[in-house]
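K.L.:
Sequence and computational prediction follow.
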Amino acid sequence: MLQVVDLACRRGDRRLFSALGFELGPGVLLHVRGRNGSGKTTLLRALCGLLLPEEGEIRWHGEDIRQLGDEYHRDILYFGHLNGIKADLTGLENLRIAATLDGDRVATEDLWRALERMGLMGFEDLPTRMLSQGQKKRVALARLVLSSATLWILDEPFTALDKDAVALLQTLIANHVDAGGLAILTTHQEVPLTSGRIERLDLGTEH
Amino acid sequence: MLQVVDLACRRGDRRLFSALGFELGPGVLLHVRGRNGSGKTTLLRALCGLLLPEEGEIRWHGEDIRQLGDEYHRDILYFGHLNGIKADLTGLENLRIAATLDGDRVATEDLWRALERMGLMGFEDLPTRMLSQGQKKRVALARLVLSSATLWILDEPFTALDKDAVALLQTLIANHVDAGGLAILTTHQEVPLTSGRIERLDLGTEH
Amino acid sequence: MKVKWFKFAAPANFYPVAGWLVPVFAVLAAAAILAGLYWGFFETPSVLGGTNPQKEYYRIIFVHVAAAWMSMWLYLVLASWCAIGLVFNTRLSYMMAAAVAPTGAIFTFLALWTGALWGRPSWGTYWDWDPRLTSELILFFLYIGYIALHSAIDDTRRADKAAALLAIVGLISVPVIFWSINCPDPTQCAALHQRSSMSHMDSNILLAMLLMAFGFWMYSFATAFARLRGIILEREADTTWVQELAAKETRR
Amino acid sequence: MGRAFLSILRRDITLAMRRRTDVLTTLFFFVIVVSLFPFGVGSEREVLRMLGPGVVWVAALLASMLALERLFAADYEDGTLEQLLLTRQPLSLLVLAKVLAHWLLTGLPVVLIAPLIGMQYYLSETAILVMMLALLVGTPVLSLIGAIGAALTLGLRGGGILLSLLILPLYVPVLVYGAGAVTVSSVAATESQPYFYLLGAFLVLSLMFAPLASAAALRISLE
Amino acid sequence: MGRAFLSILRRDITLAMRRRTDVLTTLFFFVIVVSLFPFGVGSEREVLRMLGPGVVWVAALLASMLALERLFAADYEDGTLEQLLLTRQPLSLLVLAKVLAHWLLTGLPVVLIAPLIGMQYYLSETAILVMMLALLVGTPVLSLIGAIGAALTLGLRGGGILLSLLILPLYVPVLVYGAGAVTVSSVAATESQPYFYLLGAFLVLSLMFAPLASAAALRISLE
Amino acid sequence: MKEFLAQGGYAFYIWGAYGMTALLLAIEVVVLARRRRTILARLGRLVRMRGNKAS
Ligand code: HEM
Ligand SMILES: Nc1ncnc2c1ncn2[C@@H]1O[C@H](COP(=O)(O)OP(=O)(O)OP(=O)(O)O)[C@@H](O)[C@H]1O
Ligand SMILES: Nc1ncnc2c1ncn2[C@@H]1O[C@H](COP(=O)(O)OP(=O)(O)OP(=O)(O)O)[C@@H](O)[C@H]1O
Ligand SMILES: [Mg+2]
Ligand SMILES: [Mg+2]
C-alpha cells in the first residue's frame, strides 16, 4: 500500500538519508529506529506530506501522495512531537473538533468513551491547560481510539506516559495492525511491540 | 540537608498531596514515582521554590528556602519539562550563559568538553533550533556536567534520549550522588538506577 | 471585651458576617438614595442663578458627583486591599479587592456618562479633553485593566497577585497622570473644571448630593459583600464547610 | 465541508469566549489608541475634527493587525495547525472560517464602538454614520489581507512586527478610501458613494484570493 | 553580578542580531505608522507641522509597546526564564539588563531615525533636535514601564493586546511632556527646559522602581 | 407630573443620566443574584456527585 522509492531528505546542509526505499502491505508495523538526530522525525514528516523530500517519491496505493493531496489525508493519522490540542478547550471539545475535521460524525457518547478508555475519567471537562504532561498526551492519543485512518504515523508516542498508558497504547496499536491497518512509529523506550508483522528500519547508520 | 515538613500542594481546585514529609541526607537519590497527574512536577517545582506550597515548609540546611532566596539557588539545579535553551543560540553559547549565571567562571575548553561528553561533537556550533528533539535535550543536560550544585532536581530527564544518552546520564547522576550530592528525579521509563542510597517516594496513592 | 479581629480574616468566618451585612447596607443604601432623589428633585430650585445660569439639567449633579467620588474612593479601597494582600499574603484581602473592582468600574463609567450628558447642555459638547474628565477616563482604563488581567489568568492565586501588583502600580501613577494632564505645560496648569461653587452651594443641593453619595457608598458595601460571598464559595468549593452549606441549601 | 467550516468557526469563538477579555481587549486597545492622540496633539476642536477619520482608521488598522498576529500563531505552537493541514478538508475553507471568526471578534466590535469615538473627535452625525459603514466594509478586507501576512510570518521571532511591515503597506488603499469616504461626507453624504464602490470591490477581491493565498503560505511555513 | 548583567545583555543583543530583521522591524513599524497618517489626514503643510510631534510620539509609544510584548515571552516559552529565576543573581538586575538590551535595539533606532520623520512633517531644525533629545530621555521610560506590563501578561493568550491595555494609560505623562517639549520649542528652544527636567525625573523614578516591580511580577507569573 | 417628567426641556439629559445609573445598578444586582444561584446549584451538584460515589 505504502511504497517509498529512492527517498532522500536533507535538513539544513546535511543530507540525512538517501536512496531509502521500502514497501509496506496491510497489517504491518514499521519501527523506525536510530539515534538522536538520525532523521526519524524528518522521515515521518515526509511520509505525511508535511515536508518535501529532496529526491524520490512516496506512493500510496500506487499514486504519488503529492497528486493525492487531501484524499491522502483521509487515510492517515499523524501524531508528532506536539500534541496538537488546544490548551483552552476541554478534552471533550478537542476530541470532537478533531473528529469533525476528520469528517466523521461521532456521537458525544463515543467521545466520552474514548476519553474514559484513555484513563481521563473526571478530567474530560477541564481545559487541557490544567492537565499534567502525561494527561495532555493521553487526550491527544484519544484520537487513535476513534480514528478510521488506515495509516498511523506516530512519532515517539510513548514519552511522558506512565506504565498503564503505555500498555493501553500498545493494545491500541496491536488492534489496529491486526485489523489490517498500517502503523509507522519511532520510540527510544524499550517497549515490547507485539503486533502482526513487525519490520525495523534503522536510520543513521551511514553517519 | 533537605527537609520537607508537612507539605501540601494544590493545583486548580484539586489538592494533590498533603502532610508530605521526608528528609534527605547527602549521597541520596530520591526517585519520585506516581501515575500521570499525580503531582510529581508540582512537587519538584515546589522544592525549587518556583511554586508556593499551600501548607508546610521546605528546609535546606535547617532554614526555610523562602528565607534563603537566592542563596538556595546557588545550591540547586533544576531541569524541567522545558529544556531552557535558546533556539537561536548555539549549544556552546547556551552553555556559557548558563555557567555565567550560575556564577562559575568556566573556560571555553571545558564547555567544549562538556558538549563532547554529551555526544554533540560537530553540533556545538549549530543554532539549537536545527537540532533534533533528543539533541536539544542533550544540550540542556550538558549543564549537569559542569554543575557545582549540591541538589539536582530532574523532571523526566530521560525522555527523548536514545540508549547511549540514557546510559551517559545515568553515569552522571551516579557520580554526583557518589560524590555526596543529592538528586531528586522522576521518570516513567524503566531506567536502572544504580547510585549510593536510593529512596522511593510514591505520589497519588490517596487518589 | 477583646475581639479577635484576625479571626475574621479567614474566609469561612467572614462568609456569614458578610451575609449579615449585605441586607443592612442594602437597606441603608435604598433609604439614602430615595431620600436623596426626593430632596434633589422636589426641594431644589429649577434654575441656579449667577452669570451663567444652570437650568434643570444641573440636577445631574446628584448622580454625577456621587458616582465620581465613589469611583475614586473605590479605587483607593481596591489598591489598599491589594497592598494588604501582597504584604500579609491573606487570601481574604485579594477576594475583597476582586469584589470591589466591578462596582468601581461601574461608578467610573457612570461618572463619565452622566458628566457627558451634563456637558452637552452646559458646555455644548458631550466630551471635552478637560483634565478632570480625561483622568476619569484613565481611571476607567485602570479598572478595566485590573479586571481584564484578573480574568485573563485562570490560576486564581497568580491572578490575584498579578492584578494586585498592577493596581498598586496604577495607584502610584494616577497622581502623576492626573497632574500631567492637568498641567500639560509644567510652568502653568490649566484650570480644573468648575472647581468653584461647592462652598456657596445651596444647602438643599448640598444635602441631596451628600445623601446620594452616602447612598452610593452603602450600595458599594452591599454589592461588594454580596460579590465577596460568591467569590468565597467559588474558591472554597472543596472545603467541608462549603459542602455542608451547599448540602443544607439544596435540602431546603 | 460546511460542518468543518462551522466547527472551526465555533471553535475559535469558543476559545475567545473562554477568555472573555480577548474580545474586549481589541476594543479597548482601539479606544485607547484613539484617545492617546489628543494628549500628543492638543485638544482644539477644529484640529480634532479634521484628524478624526484618519485617526480612527489608523487605529482600526493597528488593532486589526495586532490581533492578527495571533490568528495562526496559537494553532502553530500547539501543533493543531499541523493537524488542520492533514485533514481531508480544503485548507482555504478552514482559513476562511478562522478569518471570519477573527473579524467577528475584533472587526465588528470596532465598527460598533465607532460612534463613541466620533463624538470624542466632534464629528457630525452623518460623518459618524458614514464612518461606521466604511468600517463595516473595510475591516473584513483588513482581516483577509492580514491573514496572508500572518501565515507568512508564522513562527518567526519578532513575527508581530515583521507582519506589520508586510501588510501595513497593503492596507494603505483601504485606509485612503476608508478615511476619504468620511472626510468627503462632510460635503454631502452622497459624495462618498464612489468610495464605497471601491471598498466593496476590495472586499470581493480579497474574499476570492486571500484564503487561497493564506492556505498556500501556511503550507510553506509549516514545511 | 556585573558579569551576569553583561552576559544577559550580550545574549539578548546576539539573539537579536542572529535574526537581523528584529532590529529593523521595530524601526520600520515606526516609520510606517508615521507615514500612514498623511494618507488618512491629507498632506497640507500646516496641518502636518502641527501634528508632527504628537504623531511621532504616539508611533514611538506603539512601536516600543509592540516590541515589549516579546521581551520576556521568548524566554518564558523555552524555559530559560525559569532558569533565570533559579540563578543566584538578583532578578531585578537581570531584568534591567534585558530592558537595556531591549531599549538599545528598539528605542535607540527610533531616536536616530527621528530627523527623517521630522522632515516628513516639515518640522524646523530646532524642533527636530528637541524631538531627538526628548525621545532619548523618554523612550527608556517607556521600556522600563512596559517591562512591568510584559511581566504581568506573560504567557497569557492575547497577551499583546492585553499588555497595551495595561500600559498605554501609564504612558500618558511621557507622551504629554515629550510631545509638549517639541511643540513648545517652536517658540524658543529654551522654553522646553522644564519639560526635560520632568522627563528626566520620570526616567530616574522608573529606573529605581520598574526593575523591582518587574521582577516581582515575573515571580508571580511563573508560579 | 408631565411637567416633572419634562424637566424644563432637559428630560433627555436628566433621564439619560438617571436612567443609565438605574439600569447599571439594577443589572449589577440581578447579575449578583443570578451568580449566587448558579454557584449554589453547582455546589449542590458536586455534593450529590460525592454522595453517589460514597454510597
Ligand atoms: C474625577 C471625576 C469627576 C469629579 C470628581 C467631578 C466632580 C464634579 C463636581 C463636584 C461638579 C460640580 C461643580 C460645581 O460645583 O459646579 C461637576 C460638574 C460637572 N462635571 Fe464633573 N466630575 C468628574 C468627572 C466628570 C466627567 C468625566 C465629566 C464629563 C464626561 C464631567 C462633566 C461635568 C459637567 C459638564 C459639570 C457641570 C459643570 C458646569 O457647572 O457647567 N465631570 N463635576
Ligand atoms: N496549571 C494548572 N492548573 C490547574 N491544575 C493543574 C495545572 N497544572 C497541573 N494541574 C493538575 O495538577 C495535577 C498534577 O500535575 P503534575 O504536572 O504535577 O503531574 P505529574 O505527576 O507531573 O504528571 P506527569 O507524569 O503526567 O508529568 C494534574 O492532575 C493536573 O490536572
Ligand atoms: N529545522 C531544521 N533545520 C536544519 N536542520 C535540522 C532542522 N531540524 C532538524 N535538523 C537536523 O536534522 C537531523 C535530524 O533531525 P530529526 O528531528 O529528524 O531527528 P530524529 O531522528 O527525530 O531525532 P530524535 O530522536 O532526537 O527526535 C538532526 O541532525 C538535526 O540537526
Ligand atoms: Mg524526533
Ligand atoms: Mg510531570
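P.N.:
Received, thanks. Ligands and ions are numbered 1, 2, ... in the order given.

K.L.:
Just checking stretch A:152-160 against chain B, any contact.
P.N.:
Yes. Contact of stretch A:152-160 with chain B (CB under 8 Å from any CB of the partner chain) involves A:Glu156, A:Thr159, A:Ala160. No exception for glycine: its C-beta is placed from N, CA and C like everyone else's.

K.L.:
From the residues you listed, pick the one nearest chain B.
P.N.:
Using CB to the nearest CB, A:Thr159 comes nearest to chain B of the residues of stretch A:152-160 next to chain B, at 4.4 Å.

K.L.:
hang on, that closest one in a strand?
P.N.:
No. Read with DSSP: H, G, I helix; E, B strand; the rest coil, A:Thr159 is coil and lies in no strand.

K.L.:
List the contacts of it.
P.N.:
Counting by CB atoms under 8 Å, 6 or more residues apart in numbering or on different chains, A:Thr159 touches A:Lys137, A:Gln189, B:Thr159, B:Ala160.

K.L.:
mind checking how far it is from ligand 4?
P.N.:
Distance, A:Thr159 to ligand 4, by CB to the ion, to the nearest Å: 10 Å.

K.L.:
Same question for C:Arg157.
P.N.:
Per CB to the ion, C:Arg157 is found 36 Å from ligand 4.

K.L.:
show me where chain C has strands.
P.N.:
With DSSP state E as the criterion, chain C has no strands.

K.L.:
How about the contacts made by residue 92?
P.N.:
By default, I'm working from chain A. Residues near A:Leu92 by CB under 8 Å, 6+ apart: A:Thr108, A:Leu111, A:Trp112, A:Leu115, A:Glu124, A:Asp125.

K.L.:
To clarify, I was referring to chain C.
P.N.:
Contacts of C:Leu92 (CB under 8 Å, 6+ apart): C:Phe8, C:Ala9, C:Ala10, C:Pro11, C:Phe14.

K.L.:
farthest-separated two in those residues?
P.N.:
The most widely separated members of these, counting by CB to CB, are C:Phe8 and C:Pro11 (9.5 Å).

K.L.:
coming back round to it: relative to D:Arg11, which of the contacts of A:Thr159 is nearest.
P.N.:
Distances from D:Arg11 to the contacts of A:Thr159, taken as CB to CB, are shortest for A:Lys137 (20.9 Å).

K.L.:
re earlier: of the contacts of C:Leu92, just the buried ones, PyMOL syntax please.
P.N.:
Of these, the buried ones go into a single PyMOL selection, burial set by 16 or more other CB atoms under 10 Å in any protein chain shown:
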select buried, chain C and resi 11+14
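
K.L.:
would TSV of the contacts of C:Leu92 with pLDDT and distance to B:Val177 be doable?
P.N.:
What follows is the contacts of C:Leu92, written out as TSV (pLDDT from 0 to 100; distance: CB to CB, whole Å):
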residue	pLDDT	distance to B:Val177
C:Phe8	63	50
C:Ala9	70	45
C:Ala10	80	44
C:Pro11	81	44
C:Phe14	85	49
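
K.L.:
Turn the contacts of C:Leu92 into CSV, including distance to E:Met119.
P.N.:
Compiled in CSV, the contacts of C:Leu92 are given as follows (distance: CB to CB, whole Å):
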residue, distance to E:Met119
C:Phe8, 66
C:Ala9, 62
C:Ala10, 66
C:Pro11, 62
C:Phe14, 64
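
K.L.:
Format the contacts of C:Leu92 as JSON lines; extra columns: distance to ligand 4.
P.N.:
Putting the contacts of C:Leu92 into JSON lines (distance: CB to the ion, whole Å) gives the following:
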{"residue": "C:Phe8", "distance to ligand 4": "57"}
{"residue": "C:Ala9", "distance to ligand 4": "53"}
{"residue": "C:Ala10", "distance to ligand 4": "51"}
{"residue": "C:Pro11", "distance to ligand 4": "49"}
{"residue": "C:Phe14", "distance to ligand 4": "54"}
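
K.L.:
so which of the contacts of C:Leu92 would you say is closest to B:Gly103?
P.N.:
Proximity of the contacts of C:Leu92 to B:Gly103 (CB to CB) peaks at C:Ala9, which lies at 40.8 Å.

K.L.:
wait, what's in contact with the closest one?
P.N.:
C:Ala9 is in contact with C:Thr90, C:Leu92, C:Ser93, counting by CB under 8 Å, 6+ apart.

K.L.:
Between the residues of stretch A:152-160 next to chain B, which sits nearest C:Val77?
P.N.:
A:Ala160 (46.3 Å).

K.L.:
Okay, that closest one and E:Ala114: tell me how far apart.
P.N.:
To E:Ala114, A:Ala160 is 51 Å away according to CB to CB, to the nearest Å.

K.L.:
Next: D:Leu207.
P.N.:
For D:Leu207, the distance to E:Ala114 equals 40 Å [CB to CB].

K.L.:
Show me which of those two is the more surrounded one.
P.N.:
The residue with more neighbours, out of D:Leu207 and E:Ala114, is E:Ala114; 24 against 14, by other CB atoms under 10 Å in any protein chain shown.

K.L.:
Could you report the neighbour count for residue 40?
P.N.:
Using chain A. 28.

K.L.:
wrong one, I was asking about chain F
P.N.:
Around F:Leu40 there are 16 residues (other CB under 10 Å).

K.L.:
hang on, isn't it packed against C:Ala246?
P.N.:
Yes. Between F:Leu40 and C:Ala246 there is a contact at 6.5 Å, judged by CB atoms under 8 Å.

K.L.:
Can you check the pLDDT for whichever residue of chain D sits closest to ligand 2?
P.N.:
Nearest residue of chain D to ligand 2 (CB to the nearest ligand atom) works out as D:Arg18 at 14.1 Å. We have a pLDDT of 74 for D:Arg18.

K.L.:
Kindly report the same for the one 3 residues further on.
P.N.:
pLDDT recorded at D:Thr21 is 64.

K.L.:
Same check on the one 5 residues further on?
P.N.:
Here the pLDDT value assigned to D:Thr26 is 80.

K.L.:
residues contacting it?
P.N.:
Taking CB under 8 Å, 6+ apart, one finds D:Ala63, D:Leu66, D:Ala67, D:Leu105, D:Thr106, D:Pro109, D:Val110, E:Ile161 in contact with D:Thr26.

K.L.:
Many thanks, I have nothing further to ask.
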